[in-house]
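Visitor: requesting a structural model of the entry that follows:
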Amino acid sequence: MNERYSRQIAFYGIGEHGQRKLGGARAAIVGLGALGTAAADRLCRAGISYLRLIDDDEVELSNIQRQSLYTMADVGSKKAETSAARLREINPEIKIEPLVTRLTKAGDEMISGVDLVLDCTDNAAARYLINETCHRFGLPWVHGAAAGSGGAVFAIVPGGACFRCLYPDTVAASSGGTAETYGMLNTLTAIVGALEANEALKIILGKPVCGLLMLDVWNGVFEYIDARRDPDCPVCGGIR
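Guide: Sure, this is the predicted structure:
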C-alpha cells in the first residue's frame, strides 16, 4: 500500500482492507466554506478516490479567518475551483471535480455517481433539499452545522432517521443563527468539519453511528442524541 497512508493503515479501524475501500469511494461535498474546506481537506488526505465540490460562491476577505483552503491571494476566486486546485496539490492521486453551481431540485445529476454526500451548507433550505435528494437516490449523507461556538453533526443512512425526522418544523429550522448573527469560532468549524469527514469515513467502512452529536466548544459540552425514525415523516416515512 501507498506510504502516504501508512499511519492510517496502522489504525485498527482501517487497515489495508479499509484503505482499499476508501481508495474506491466517491463523495460529493455541498458547500466549500468553513465546514466544507475542513472536511474536503481531511477526505483528500485520507485517500478518497474522488471528490465532487459543489459551490457557486467566491472567496471573501471575511472567509480567511476560518476557511482553511484559502489565502489572501484567493479573494475573489470561485471557492469550488480554488479548493480543487489546493486539494490537487495536497494529493494528486485522487480525482477532484469542482462544480461552480449550487444544488437545485433540478440538479440530481450533481450527486449522481457518488457513494455519499456531505452537507457543509449554511441554510436549512439546502439541507432539506439534500435530505430529499439523497433519500430519492438511496444515498447516505452527513449533516454538519456551526454558529458561534455551537455545532452539530448527524450521519444519515438509508433506512434510518432522516434530517426531516429530527427537524420536522421547517420554519423553526430556517430561523437558526448564522455566522453573521452569532459570529464564528474557527476552532469550531475545524472540529465540525473534521467530525463530518470522520463520519463519512465510517460510512464508507460500514461503521456509521447514526445519531446527532451536539457540541459547544467554548463551554466544553458534547452531547449525543439518539435519532429515531418518524413513521409519519413526509420524506422517509412512505408519504410523498
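Visitor: just the helices in this protein please.
Guide: For the chain, the helices defined by DSSP state H occupy 6-10, 15-22, 34-46, 79-90, 124-137, 163-166, 170-174, 179-182, 186-204.
Visitor: go through those helices and name the closest to residue 59.
Guide: Between residue 59 and the helices of the chain, the shortest gap by C-beta to C-beta is with helix 79-90, which sits at 5.8 Å. Yep, even glycine has a C-beta here, placed from its N, CA and C like the rest.
Visitor: and that closest one, what does it pack against?
Guide: For helix 79-90, the elements it packs on are helix 34-46, strand 50-54, strand 95-99, judged by 3 or more C-beta pairs under 8 Å, 6 or more residues apart in numbering; DSSP states H and E.
Visitor: could you dump these to a markdown table with distance to residue 149?
Guide: As requested, these are exported to a markdown table (distance: least, C-beta to C-beta, whole Å):
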| stretch | distance to residue 149 |
| --- | --- |
| helix 34-46 | 13 |
| strand 50-54 | 27 |
| strand 95-99 | 31 |
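Visitor: just the CA atoms of stretch 68-77, as CSV, please.
Guide: The C-alpha trace of stretch 68-77 is given here as CSV (Å, rounded to 0.1, in the frame of the first residue of the first chain):
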residue,chain,number,x,y,z
SER,A,68,-8.8,26.6,5.6
LEU,A,69,-8.1,26.1,1.9
TYR,A,70,-7.9,29.8,1.0
THR,A,71,-5.3,32.5,1.3
MET,A,72,-5.4,36.3,0.7
ALA,A,73,-4.4,35.7,-2.9
ASP,A,74,-7.7,33.7,-3.4
VAL,A,75,-10.1,36.6,-2.5
GLY,A,76,-12.5,37.0,-5.4
SER,A,77,-11.9,33.5,-6.9
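Visitor: got a list of contacts for that stretch?
Guide: The set of residues that contact stretch 68-77 without belonging to it, under C-beta atoms under 8 Å, 6 or more residues apart in numbering, is 32, 34, 37-38, 40-41, 58-61, 63-64, 79, 82-83, 86-87, 190.
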